[in-house]
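Participant: Let's see this in three dimensions:
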Amino acid sequence: MKKTISIFPGLLFTFSLFAQQTEMKEAGSLADFLKQGDFSGKARFYFMHSNNQEPLSDYHGLGIGGGIGYKTPQYKGFSAGLSGYFIINAYSSDFTQSDSVTQNPNRYELGLFDVTDPSNKENMYRLEELWVNYQKKDLNLTYGQFKPDYLFVNPQDGRMSPTMVRGFDGVFDNKKTSFQLAWLHHIAPRSTVKWYSVEETFGIYPTGRATDGSASSYLWNVESSGILIAEANQKIGQKSSAKLGLMNVNKVYTTSYAQLDVKKNNWGLSGLAIFQKTNAKGLNSTYIDPGHQSLVFSGRLEKKLKKSKVNFNYTRIADQGRFLMPREWGREPLFTFLPRERNEGLADVNAISANYIYKPNNNTILHAGAGNYWLPDADDAQRNKYAMPSYAQLNLDAEYNWDGWFEGGSLKLLYVYKKGQKDDYENLKQVFNKVNVHLVNLIFNYTF
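Facilitator: Purely as a prediction, here's the structure:
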């Protein structure tokens, strides 16, 4: 972080000199020039409650957060920006206390704050954005700290503050064809308050089991200098598109992917294929086995109606190797994904889901989603990293967005129920915060 702080003032100072030389003639002074920039702010109120089956523990968490940002005016294609954010633990359970039955820690509510320190209630703030951007015609280049928007590295903004990344991002986009190249070397994962090198992010969240059944030991034991992302997108006609890309995690593994989206007459059909393999035999075997390979297919059929849309989804993770993607980096892009559960760390999976989204007016969005997920046996460590049992899931959420005087404000209520497919479980570790659990989320956002 100190290195970044020492670099960026020089970049911003250089930019201000450029602005002084010419833009000052029109603005009058540097102060006048900077006043033409844009200030932004955000505030979030988030209450979460999990209700587990008896005799397992229930938890609650209430977080209040706020942040402010600034973006300079653009000069000859250059601009710069920065933002910061703080979080207050207003009223929550004692996250240092594990469940008395299973001795497992809290899973959901702690994610509102700092998963690396369950006792932390005060020092929860971080510098989020700090970037310099150059934009000219079809070219857009960014270096610094910014919110990611990649298939496997993304904000996963379902807690108090999103995942952020530090590195380079370059995009060439002529409206029909786009190419993107990114190199990421630091990440500030969601539910943390610090910046980490890419190799340090492996294992900040729970690590599960190795394929031999032993506890995973890759925390602080992975060697990698960063993440290379290369992607090409091609528009086909007015609404259809194709995507081809790869994500190479230096010295760890490579994920290749292809996606096709076809839309016609209010119908949509999408397909995604993902292939993973290790980069070198024996490297970083604490996280990924030598010679590891995995294959995933996911698809969606969607129909748009006048005020609503409905989609049906299917995912198959082949019985070839566990689909792996550090949860610290973002949520999985599988079409069967429903908020509050993931299928990462699994092999031999069949999943189906359906969603109905209804928008009765410009302010209100109603959503109902349901899915069934057939997983390998929870005791099968080779195929099931986190000992997750097969389950069914129901999501119901309603969102209201204000306009007029209170524009920028939104209120969302999300209810989630996950039910195990067994009638009885001998090992309650496979139940606690996994199945037979109700989750209630109430979120208020205000941005300007």
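Participant: got a list of contacts for the helix or strand where residue 315 lies?
Facilitator: Using DSSP states H and E, residue 315 falls within strand 308-317. Contact partners of strand 308-317, identified using Cβ atoms under 8 Å, 6 or more residues apart in numbering, comprise 268, 294-303, 323, 334-336, 343, 346-359, 371. (C-beta placed from N, C-alpha, C; glycine too.)
Participant: can you give me the offset of that strand from its chain's centre?
Facilitator: Mean-position distance between strand 308-317 and its chain equals 20 Å (Cα atoms, centre = their mean, to the nearest Å).
Participant: now stretch 109-120
Facilitator: 17 Å.
Participant: what bits of the protein have low per-residue confidence?
Facilitator: 1-27, 281-283 (pLDDT under 70).
Participant: Show me where it has its helices.
Facilitator: Applying DSSP state H to the chain gives helices spanning 2-18, 24-27, 30-35, 198-201.
Participant: what helices or strands is the last one leaning on?
Facilitator: Helix 198-201 is packed against strand 177-188, with contacts defined by 3 or more Cβ pairs under 8 Å, 6 or more residues apart in numbering; DSSP states H and E.
Participant: Can you point out the buried residues in the strand it packs on?
Facilitator: Buried positions in strand 177-188, judged by neighbour count with 16 or more other Cβ atoms under 10 Å: 178, 179, 180, 182, 183, 184, 185, 186, 187, 188.
Participant: what comes into contact with it?
Facilitator: By Cβ under 8 Å, 6+ apart, strand 177-188 touches 4, 126, 128, 145, 148, 150, 153, 163-173, 194-198, 201, 225-235, 245, 328-329.
Participant: tell me the contacts of the closest residue to residue 66 other than its chain neighbours?
Facilitator: Spatial nearest neighbour of residue 66, chain neighbours left out: residue 43 (4.6 Å); criterion: Cβ to Cβ, 6 or more residues apart in numbering. Applying Cβ under 8 Å, 6+ apart, we find residue 43 in contact with 64, 65, 66, 67, 445, 446, 447.
Participant: What is the neighbour count of the nearest residue in space to residue 389 that is not next to it in sequence?
Facilitator: In space, and not counting its chain neighbours, residue 389 is closest to residue 378: 4.6 Å by Cβ to Cβ, 6+ apart. Residue 378 has 22 neighbouring residues, counting by other Cβ atoms under 10 Å.
Participant: do the same with residue 90
Facilitator: 15.
Participant: Just to check, it is in contact with residue 60?
Facilitator: No: taking contacts as Cβ atoms under 8 Å, residue 90 lies outside contact range of residue 60: 11.0 Å.
Participant: Report the set of residues contacting both of these two.
Facilitator: In contact with both residue 90 and residue 60: no residue, using Cβ under 8 Å, 6+ apart.
Participant: how near is the residue nearest to residue 389 to residue 101?
Facilitator: Distance of residue 378 to residue 101, computed by Cβ to Cβ, to the nearest Å: 17 Å.
Participant: Dump the buried residues of strand 177-188 to CSV, plus distance to residue 364.
Facilitator: Formatted as CSV, the buried residues of strand 177-188 follow (distance: Cβ to Cβ, whole Å):
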residue, distance to residue 364
178, 33
179, 38
180, 34
182, 36
183, 41
184, 37
185, 42
186, 39
187, 35
188, 33
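Participant: returning to what we had before: give me the buried subset of the contacts of strand 177-188.
Facilitator: 126, 128, 145, 148, 150, 153, 163-167, 169, 171, 195-196, 198, 201, 226-229, 231, 233, 245, 328-329.
Participant: is residue 420 in a bridge, and if so with what?
Facilitator: residue 391 (DSSP bridges).
Participant: so residue 270 bridges to which residues?
Facilitator: Beta-bridge partners of residue 270, as defined by DSSP bridges: residue 261, residue 300.
Participant: number of nearby residues for it?
Facilitator: 19.
Participant: roughly how far apart are it and residue 441?
Facilitator: For residue 270, the distance to residue 441 - Cβ to Cβ - is 27 Å.
Participant: In contact with the most centrally placed residue in the chain: list those residues for me.
Facilitator: Ranked by distance to the mean C-alpha position of the chain (Cα atoms, centre = their mean), the top residue is residue 156 at 2.3 Å. Going by Cβ under 8 Å, 6+ apart, residue 156 touches 162, 163, 190, 330, 331.
Participant: quick one, what contacts residue 134?
Facilitator: Here residue 134 is in contact with 77, 78, 140, 141, 142 (Cβ under 8 Å, 6+ apart).
Participant: give me the beta-bridge partners of it?
Facilitator: residue 78, residue 141.
Participant: Tell me, how many residues neighbour residue 439?
Facilitator: Residue 439 has 21 nearby residues by other Cβ under 10 Å.
Participant: do the same with residue 97
Facilitator: 12.
Participant: Ok, the one 4 residues further on next?
Facilitator: Neighbouring residues of residue 101 were enumerated by other Cβ under 10 Å; the total is 15.
Participant: Next, the contact list for it, please.
Facilitator: Per Cβ under 8 Å, 6+ apart, neighbours of residue 101: 55, 56, 57, 428, 432.
Participant: Any chance of TSV for the residues you listed, columns neighbour count and distance to residue 309?
Facilitator: Listed next are the contacts of residue 101 as TSV, based on neighbours: other Cβ atoms under 10 Å; distance: Cβ to Cβ, whole Å:
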residue	neighbour count	distance to residue 309
55	9	42
56	20	37
57	18	38
428	17	39
432	25	35
